[in-house]
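> What follows is a predicted structure for the sequence shown.
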Amino acid sequence: MKAIEEKRFSSIDESLFTYRFSNGFTLRMLPKKDFKEYAGLLTVNFGSLDNQAQSLSGIAHFLEHKIFETDSGDDFLLKFTESATDSNAFTGYGYTGYTFSSSQEIIENSRLLIDMLSSFTTSEDAVNKERDIIRQELEMYKSDPDQVLFTETLARMYPKTALAQEIVGTEDSLARIQLMDLQKAYNTYYRADNMDLFLIGDFQPEFIVENLEVSVSKLTNPTDLLPPRRSIKRESVITGQSIRMDISKAKLAIGLRGGQSLQGQDVFVYKIKLQLFFSMLLGWTSQRYQDLLDLGKIDYSFQLEVEVQEAYHHVLFFLDTDEPVSLSHQLRTIVRRFQQSRDLSEDHLDLLKNEMYGDFIRQLDNYDFILTNYMVGKEGVNLFDLPVILPSLHLVDVLEVGREFIENCDMMDFTVLPNYT
């Protein structure tokens, strides 16, 4: 057996172990002494951004559904249930994830997860039945005002890209996806060197590696290279549009699409800086936020979301309001004139850094938090470096990132209006 790599995080008394099998499969392990539960996340580097044909949007999500089908046509979920294990799956823009959590059987559940992904067998009839199920899922999303606000905002921030499509696809694309398309996607992306398993619990890393060797060896690696992921085209953003739904109050989204390249920058550190900047400017600890709240301009529906990936990055504001036009103008003006803000201070930054650190420490024993926030498949700086990163960040660093982002970003807004005038 090859050596298991260990990365020690002395500030939080944790060690992350990494082992790469001969077929390229990556195993990451976070042993936690006396932890009463085991959890795992197996990711495949295949998401909606990998859609090579716009007409087949939603294929990664469709395949995720069919992966749970066994060779005999049964459901893998039943096998997890038999051992009192919770299991689920999700598809994102960048990858597909399969999870489990249980108070026992980490080896058996890990093997089951790997075995589930090691083969793909289904029928045309099963695909057609699943198509109807996914159509119902799509209809559910289309009737959710908050989901519509999010997806329609992204569609106008990134027109003519995979980000402009609902992850589950469209009515048209779902009708086009056939069994051979799913088989081709599986053969292309569900390969050992394109997978990453992260395990958390009270175990010895050597024990895990030794007991997963056989299951991992069943995963194949095609000789063909993985297709390159398409870059996100920079079409002009579409702003000022709206749709109507059965809601009592308008829902406003303001999007700021990053314009500068992140090449050469550490994405994780950049995201922290950008999060701190906008939290200072318009987060709940800012005086500007409190003033808007006191004036009744915003309420507790106000949300700030910062998303940073290598291929794209943006900042989103969401809120319910009776004055979407005037409030959009006011908030965008605050962003453009950020240099006039008294909230951008060293004291405020220290407050937010302490808050971020406190949230991190409180969540260290929450496996959902770790699996969600650890940057999948990324080497180098990651979530567990946060206690070291935060003290090194100063106001000048955060302001520089915020200034460059605002100077290069494209701003837009989108509104879901009530169905009455």
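Everything's here; your move.
> that's a helix at Phe414, yeah?
No - counting by DSSP: H, G, I helix; E, B strand; the rest coil, Phe414 falls outside a helix, being strand.
> I'd like the distance from it to Ile243, if you could.
8 Å (C-beta to C-beta, to the nearest Å). Yep, even glycine has a C-beta here, placed from its N, CA and C like the rest.
> got any residues that touch both of those two?
Taking C-beta atoms under 8 Å, 6 or more residues apart in numbering as the criterion, Phe414 and Ile243 both touch Glu152.
> remind me, longest helix of this structure?
helix 124-142 (DSSP state H).
> any idea how far that helix is from the chain center?
23 Å (C-alpha atoms, centre = their mean, to the nearest Å).
> Just the element for Ala185, please.
Using DSSP states H and E, the element containing Ala185 is helix 179-189.
> Which positions in that helix come out as buried?
For helix 179-189, the neighbour count (16 or more other C-beta atoms under 10 Å) marks 181-183, 185-186, 188-189 as buried.
> thinking again about what came up before, in CSV, list the C-alpha atoms belonging to the longest helix of the chain.
This file holds the C-alpha atoms of helix 124-142, laid out as CSV (Å, rounded to 0.1, in the frame of the first residue of the first chain):
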residue,chain,number,x,y,z
GLU,A,124,-35.6,2.5,-22.2
ASP,A,125,-38.9,2.0,-20.3
ALA,A,126,-37.2,2.9,-17.0
VAL,A,127,-35.7,6.0,-18.6
ASN,A,128,-39.2,7.1,-19.8
LYS,A,129,-40.7,6.6,-16.4
GLU,A,130,-37.9,8.6,-14.8
ARG,A,131,-38.4,11.4,-17.4
ASP,A,132,-42.0,11.8,-16.0
ILE,A,133,-40.7,12.0,-12.4
ILE,A,134,-38.1,14.7,-13.3
ARG,A,135,-40.8,16.6,-15.2
GLN,A,136,-42.8,16.7,-12.0
GLU,A,137,-39.6,18.0,-10.2
LEU,A,138,-39.2,20.7,-12.8
GLU,A,139,-42.8,21.8,-12.4
MET,A,140,-42.3,22.0,-8.6
TYR,A,141,-39.3,24.3,-9.1
LYS,A,142,-41.2,26.4,-11.6
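> Mean pLDDT per helix and strand in this protein: which one sits at the bottom?
In the chain, no helix or strand scores lower on mean pLDDT, DSSP states H and E than helix 76-82, which sits at a mean of 84.
> Identify each buried residue in that helix, please.
For helix 76-82, burial by neighbour count (16+ other C-beta under 10 Å) applies to 76, 79-80.
> and it, what does it pack onto?
In terms of contacts (3 or more C-beta pairs under 8 Å, 6 or more residues apart in numbering; DSSP states H and E), helix 76-82 is packed against strand 86-91, helix 106-117.
> Phe414 and Ile243: which is more packed in?
Phe414 (27 against 13; other C-beta atoms under 10 Å).
> residue contacts, that one?
Contacts of Phe414 by C-beta under 8 Å, 6+ apart are 149, 152-153, 156, 239, 241-242, 252-253, 255.
> Lys79 versus that one, what's the distance?
Going from Phe414 to Lys79 by C-beta to C-beta gives 43 Å.
> before we move on, what about Leu295?
Leu295 is 56 Å from Lys79, by C-beta to C-beta.
> Helices of the stretch 301-421 of the chain, residue ranges please.
324-336, 346-362, 367-373, 386-392, 395-408 (DSSP state H, counting those that start in this stretch).
> Which of those helices sits closest to Glu108?
helix 367-373 (17.9 Å; C-beta to C-beta).
> how far out from the middle of the chain is the closest one?
Distance, stretch centre to chain centre, for helix 367-373: 11 Å (C-alpha atoms, centre = their mean).
> remind me which residues of this protein are low pLDDT?
In the predicted model, the chain carries pLDDT under 70 at residues 1, 52-55, 71-73, 375-379, 421.
> Tell me which residue is most central in it.
Note on the chain: the residue nearest the mean C-alpha position is Gly92, at 6.0 Å, using C-alpha atoms, centre = their mean.
> Leaving aside the residues adjacent along the chain, what's closest to that residue?
Spatial nearest neighbour of Gly92, chain neighbours left out: Gly47 (5.0 Å); criterion: C-beta to C-beta, 6 or more residues apart in numbering.
> who are the neighbours in contact with the one you found?
So Gly47 contacts 60, 91-96, 167 (C-beta under 8 Å, 6+ apart).
> Take these and lay them out in TSV including distance to Gln339.
Converted to TSV, those look like this (distance: C-beta to C-beta, whole Å):
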residue	distance to Gln339
Ala60	42
Thr91	40
Gly92	35
Tyr93	33
Gly94	34
Tyr95	38
Thr96	42
Ile167	37
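> Out of those, which comes closest to Asp397?
Gly94 (26.6 Å).
> number of nearby residues for that closest one?
Gly94: 19 neighbours (other C-beta under 10 Å).
> Just give the nearest non-adjacent residue to it, would you?
Gly47 (4.6 Å).
> How about Ser301?
Closest residue to Ser301 apart from its sequence neighbours, by C-beta to C-beta, 6+ apart: Asp320 at 4.2 Å.
> ditto for Thr151
What sits nearest to Thr151 in space, not counting adjacent residues and going by C-beta to C-beta, 6+ apart, is Glu166, at 5.4 Å.
> looking at it, that neighbour is touching Glu139, isn't it?
No - using C-beta atoms under 8 Å, Glu166 is not in contact with Glu139, being 11.0 Å away.
> If you count surrounding residues, which of the two has more?
Higher neighbour count among Glu166 and Glu139: Glu166, with 22 against 11, using other C-beta under 10 Å.
> What residue spans form the domains of the chain?
If you go by automatic domain parsing, the domain ranges for the chain are 5-217, 241-418.
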